[in-house]
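> need a structure here:
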Amino acid sequence: MTIEGLSHLGAKTEYKDNYAPEVLEAFENKHQDNDYWVTFNCPEFTSLCPITGQPDFATIHINYIPDVKMVESKSLKLYLFSFRNHGAFHEDCVNIMMKDLIKLMNPKYIEVVGIFTPRGGISIYPFCNYGRPGTKFERLAEERLINHNAQQIYK
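Here you go, the predicted structure:
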C-alpha cells in the first residue's frame, strides 16, 4: 500500500549520513475540524557535540496540534536519525527540529523537548515551543513556556 506523496513508508530504508531535513514528509490531516494532540517520543536520539565530537544521547518529546498537514512517522524517524553525525548543541537540536517541523506542517501548536543524559555531570533539558500568532495557540505557547518546569515534568 502506498499513500500519495509519501516515499519512505513501505520503501527500503536509506539512512542519511548527516542532518537531512529533506527526508521529512507530510500527509493531510483527516480531522482538521478537531483540535487534538499528537505526541512522538524518541528515547534513542543521538547527535554529536560540535566542539568535542563526542556523542550526546537524549529522549526527544515532540508534541503538536496539527492543522492541515501532519508529519509522517517513518520520515520523522529518518530525520531524527540524521542528527547522528551532526554537530549541534542540545538547544540547537530542539530548535532546529521545531523550525523544520513548522516549515513542513504549519501546525497550530508545537513543542519540542530534549532530555539529554548527563555529560560532565550536567543534564540539559531544552524546551522550545510555538503557537500560531494571533490565535489561542499563541496564548497556549506563552502559558506553557511560562509554566514550564522540566524538573517536575521530565523526571
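> mind listing what's buried in the longest helix anywhere in the chain?
Taking DSSP state H as the criterion, the chain has its longest helix at helix 90-105. Within helix 90-105, the residues scored as buried using 16 or more other CB atoms under 10 Å are 90, 93-98, 100-101, 104-105. Where you see a C-beta, it was placed from the backbone N, CA and C, and this is true even at glycine.
> pick the one among those closest to residue 136.
residue 105 (18.1 Å; CB to CB).
> wait, what's in contact with the closest one?
Listed by CB atoms under 8 Å, 6 or more residues apart in numbering, the contact set of residue 105 reads 26, 64, 66-71.
> next one: residue 76
24, 40, 62 are the contacts of residue 76 under CB under 8 Å, 6+ apart.
> one more: residue 32?
66-68.
> can you give me the helices in this protein?
73-81, 90-105, 136-146, 150-153.
> turn these into CSV, including distance to residue 55 and mean pLDDT.
Output for the helices of the chain, formatted as CSV (distance: least, CB to CB, whole Å; pLDDT from 0 to 100):
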stretch, distance to residue 55, mean pLDDT
helix 73-81, 13, 96
helix 90-105, 12, 98
helix 136-146, 29, 95
helix 150-153, 22, 57
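> who touches residue 95 in this structure?
112, 126, 128.
> which of the residues you listed has the most neighbours?
residue 112 (24 neighbours; other CB atoms under 10 Å).
> my guess is that one contacts residue 96. True?
No: between residue 112 and residue 96 there is no contact under CB atoms under 8 Å: 9.1 Å.
> and residue 47, what pLDDT?
For residue 47, the model assigns a pLDDT of 95.
> nearest residue to it in space, ignoring adjacent ones along the chain?
residue 83 (4.4 Å; CB to CB, 6 or more residues apart in numbering).
> which residue ranges form the strands in this protein?
26-28, 38-48, 55-65, 69-71, 109-116, 127-131 (DSSP state E).
> in TSV: these, plus distance to residue 142.
Putting the strands of the chain into TSV (distance: least, CB to CB, whole Å) gives the following:
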stretch	distance to residue 142
strand 26-28	26
strand 38-48	20
strand 55-65	15
strand 69-71	24
strand 109-116	11
strand 127-131	7
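> before I go, just wanted to say thanks for your time.
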